[in-house]
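>>> Quick one: sequence plus predicted model below, questions after.
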Amino acid sequence: MRAKGRTTQRLDKVLSNMGFGSRAELKKKAKSGSIVVNGTVVKDPGKHVDPYTDSIEIDGETIAYREFVYLMLHKPPGVISATEDVRERTVLDLLDEKYLVFEPFPVGRLDKDTEGLLLLTNDGKLAHELLSPRKHVPKTYQAIVEGRVDEEDIRQFSRGVTLDDGYVTLPSELVIDAREEQGDGSIRSRITLTIHEGKFHQVKRMFEAVGKKVIYLKRISMGTLRLDESLEIGSYRELTKAELAGIGRATDK
């Protein structure tokens, strides 16, 4: 029985979306008898199948179909949050070819010099839900700030900070984790900040508004999704079933 509301797809479309070749290449494979559906050789690549319930084999390999891919990346500094760029290395340059066939894109952006959690997916609906200004999805960062972050800063951030363009941010939660005196007598503060919007360079601009400078920035969470600290900088993995459930995506396919 097919799932309610699910439609079938052309076999060659399913296989091409999974990176098994172009339509022309798949037509040749079908004619050669290399494609098997539910135990039967299929020589018509236009045959309609349900990729979630039908058993599909190509060149002896059984495919595990999925429409979407969800990857957690520990973005390194020096890489831009884009799908392509003629000069800079992008986050897609970090991915294996098997994921690139899904045409994933970064959900939101991290500055070039910022590291931390970045979600890559081809699920446009999810991206919209996470990025919509009306949703106020919380984003939490750890930072090192030049200067003494104090209780007055906590109060200002909780009320909203006026940025350089006159925009007043939504209230945010600032926590002072530590203060460290440097060799020259200056103070650096380690902080954790949770914001509920995503203006351009927002964290850096918020601290500039109170006379301080962010010199290191790392995003550790976005909504319910939290960075897996076991991921080395520049590495990535697929989201777990629990993480997918947390962001409201089905895990039973």
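Happy to help now that I have it.

>>> show me where the stretch 1-150 of the chain has helices.
Per DSSP state H, counting those that start in this stretch, the stretch 1-150 of the chain carries helices over the ranges 11-17, 23-31, 97-100, 124-131.

>>> Run the chain-centre distance for the second one.
Using Cα atoms, centre = their mean, to the nearest Å, the distance from the centre of helix 23-31 to the centre of the chain it belongs to is 34 Å.

>>> Might you list the low-confidence residue ranges for the stretch 1-150 of the chain?
Applying pLDDT under 70 to the stretch 1-150 of the chain flags residues 1-6.

>>> The stretch 151-253 of the chain too?
Looking at the stretch 151-253 of the chain by pLDDT under 70, you get 250-253.

>>> how about the strands in it?
Using DSSP state E, counting those that start in this stretch, the strands assigned to the stretch 151-253 of the chain run over residues 173-181, 187-195, 213-222, 225-226, 236-238.

>>> and of these, who's closest to residue 33?
Evaluated with Cβ to Cβ, those place strand 236-238 nearest to residue 33, the distance being 32.8 Å. Backbone N, C-alpha and C define where each C-beta goes, glycine included.

>>> Buried residues, the closest one. List them.
Buried residues in strand 236-238, counted by 16 or more other Cβ atoms under 10 Å: residue 236.

>>> give me the number of residues near residue 182?
The tally of other residues near residue 182 (other Cβ atoms under 10 Å) stands at 9.

>>> where's it relative to residue 148, distance?
12 Å (Cβ to Cβ, to the nearest Å).

>>> burial of residue 114, as a residue count?
Counted with other Cβ under 10 Å, the neighbours of residue 114 add up to 23.

>>> Going forward, the N-terminal residue is numbered 648.
Okay, residue one is now 648; in that scheme the one you just asked about reads as residue 761.

>>> Put together a markdown table for the helices of the stretch 648-797 of the chain, with distance to residue 816 and mean neighbour count on each row.
Shown next, in a markdown table, are the helices of the stretch 648-797 of the chain (distance: least, Cβ to Cβ, whole Å; neighbours: other Cβ atoms under 10 Å):
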| stretch | distance to residue 816 | mean neighbour count |
| --- | --- | --- |
| helix 658-664 | 41 | 21 |
| helix 670-678 | 49 | 15 |
| helix 744-747 | 35 | 12 |
| helix 771-778 | 17 | 15 |
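
>>> right, and those - which one's nearest residue 737?
Per Cβ to Cβ, nearest to residue 737 of those: helix 744-747, 11.4 Å.

>>> so how far is that closest one off the chain centroid?
The answer for helix 744-747 is 15 Å, by Cα atoms, centre = their mean.

>>> what does stretch 807-816 give?
27 Å.

>>> What's the end-to-end length of that stretch?
Stretch 807-816 has an end-to-end distance of 5 Å (criterion: Cα to Cα, to the nearest Å).

>>> for stretch 741-749, same thing?
End residues of stretch 741-749 are separated by 14 Å (Cα to Cα).

>>> what does stretch 696-710 give?
Using Cα to Cα, the two ends of stretch 696-710 sit 13 Å apart.

>>> ok, now stretch 685-705?
12 Å.

>>> outside of it, which residues touch it?
The contact list for stretch 685-705 (Cβ atoms under 8 Å, 6 or more residues apart in numbering) reads 649-650, 653, 655-659, 661-662, 667, 670, 673-674, 676-678, 680-684, 709-710, 712, 900.

>>> now with 6 Å?
Contact with stretch 685-705 is made by 649, 655, 657-659, 661, 667, 673-674, 677-678, 680, 682-684, 710, 712, 900, as judged by Cβ atoms under 6 Å, 6 or more residues apart in numbering.
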